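A.B. asks: Give me a model of this one.
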Amino acid sequence: MSSARVTIIYNPNAGSRKNRFPLVSWFLGVSHRKLSASLLDYVNELTYELEKIGCLVRIKPTKHAGHARLIAASVEDGVIVGIGGDGTLNEIVNGLGAHSKISLCPVPLGTANVLGVELQLGHSIPSIVNSINSGKKVLMDLGSVNAEYFLTMASVGLDAYITKKMTTDLKSKFGAFSYIFLALKTLPKYTFKRVFFQTDDDETIHETYYLIVGNTSFYGGGLKMFEGARIDDGYFDICMVKSKRLFDMIIFILGIKLKINKLPDFIEYKRCKSLTVLNDDSHVQIDGDYLGTSKSVMTVKEQAVSVITH
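C.D. replies: Alright, predicted model coming up:
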């Protein structure tokens, strides 16, 4: 891949968080990743190895929320190496748009790393360089919520509201535990509202308290929420949680962790190519970042992003 253009977009906070609550990380299925050296040393070494095989490399650290999106939108060709969490990768694909000629090479160094778990990605520099050089890639579906894209999942309800309350400082200090902390803090004051939605062209109106829409099989880290889901099948896998009790959610997550096949009565699964959330006041998040409240139309863009695997 002589003279290939490679743009490295990286979150300066990636790969630096300590795993202070390993039991919580295990429960949530979070794959904790931390670099042995500094991130800057890592980026410099990756740049050096890519230049050795003839790549023309640009290095672009992000400086604020939304910056990765702006950088990606300015890239005209080649490969983008995205170093960070699912939020950074989400910004990049929204900057590129669907069916871009530019390939994405994710390096998962965030909190949950759902895409990294799904595609079994690491951060080995030789592996990354070899994959870019050989052009090893997969075509992956993208989900869309109105005009925004997501790589891994979207959700409507309590989970989305918690992401609204999440701060960078809280996540940096407590990692995966910050979600548990906010859930316990939020639940006593949170007003559960029913989420009403329709799938595809079906006139049936479904009702739930909490809706999870998966483009991948994993949710929130290493929790395999959707057995049999594929990243290129043109379908969403959705999970309806029809309970308001935290205890029920804990039982459900434990059932996933322990691979118990019998579903609780308050859980229902379904597959679809599109869905419409009818509420205009439901909280929505995509890839772990808060999107807002609105009536939401979600669709699958089939094989819409080229992802270099390593």
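
A.B. asks: Now for the residue lying closest to Ile59 once chain neighbours are set aside: which residues touch it?
C.D. replies: Using CB to CB, 6 or more residues apart in numbering and skipping the chain neighbours, the partner closest in space to Ile59 is Ile8 (5.0 Å). The C-beta positions use only the backbone N, C-alpha and C, and glycine is treated the same way. Taking CB atoms under 8 Å, 6 or more residues apart in numbering as the criterion, Ile8 is in contact with Val43, Leu46, Thr47, Val57, Arg58, Ile59, Lys60, Ile80, Val81, Ile83.

A.B. asks: which of the residues you listed are buried?
C.D. replies: Val43, Leu46, Thr47, Val57, Lys60, Ile80, Val81, Ile83 (16 or more other CB atoms under 10 Å).

A.B. asks: Quick check: longest strand in the chain by residues?
C.D. replies: strand 296-308 (DSSP state E).

A.B. asks: and that strand, how far out from the chain's middle?
C.D. replies: Offset of strand 296-308 from its chain centre (CA atoms, centre = their mean, to the nearest Å): 13 Å.

A.B. asks: Next: stretch 106-125.
C.D. replies: Offset of stretch 106-125 from its chain centre (CA atoms, centre = their mean): 10 Å.

A.B. asks: returning to that earlier point: pick out whichever of the buried ones among the contacts of Ile8 sits closest to Gly95.
C.D. replies: Among those, Ile80 lies closest to Gly95 (CB to CB), at 8.7 Å.

A.B. asks: Roughly how far does that closest one sit from Ser306?
C.D. replies: Distance, Ile80 to Ser306, using CB to CB, to the nearest Å: 10 Å.

A.B. asks: quick one: the residue nearest to Ile59 is in a strand?
C.D. replies: Yes. With DSSP: H, G, I helix; E, B strand; the rest coil as the criterion, Ile8 is assigned to a strand.

A.B. asks: Please name the nearest non-neighbouring residue to Phe197.
C.D. replies: Val277 (4.7 Å).

A.B. asks: Just confirm that neighbour contacts Val284, I think it does.
C.D. replies: Yes. Counting by CB atoms under 8 Å, Val277 touches Val284, with 7.4 Å between them.

A.B. asks: hmm, back to that, turn the contacts of Ile8 into CSV, columns for distance to Phe247.
C.D. replies: Below are the contacts of Ile8 laid out as CSV (distance: CB to CB, whole Å):
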residue, distance to Phe247
Val43, 44
Leu46, 45
Thr47, 49
Val57, 51
Arg58, 50
Ile59, 48
Lys60, 45
Ile80, 43
Val81, 43
Ile83, 38
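
A.B. asks: The residues you listed in strands, which ones?
C.D. replies: Those of those lying in strands (DSSP E): Val57, Arg58, Ile59, Lys60, Ile80, Val81, Ile83.

A.B. asks: Beta-bridge partners for the nearest residue to the last one once chain neighbours are set aside, please?
C.D. replies: If you skip the residues right next to it in sequence, Ile83 has Tyr10 as its closest partner in space, 3.7 Å away by CB to CB, 6+ apart. With DSSP bridges applied, Tyr10 shows beta-bridge pairing to Pro61, Ile83.

A.B. asks: show me the residues around Tyr10 that make contact.
C.D. replies: The contact partners of Tyr10, taken as CB under 8 Å, 6+ apart, are Leu39, Val43, Ile59, Lys60, Pro61, Thr62, Val81, Gly82, Ile83, Gly84, Thr88, Val107.

A.B. asks: Contact partners for the fourth one?
C.D. replies: If I follow you right, that is Lys60. Taking CB under 8 Å, 6+ apart as the test, what Lys60 contacts is Thr7, Ile8, Ile9, Tyr10, Ile71.
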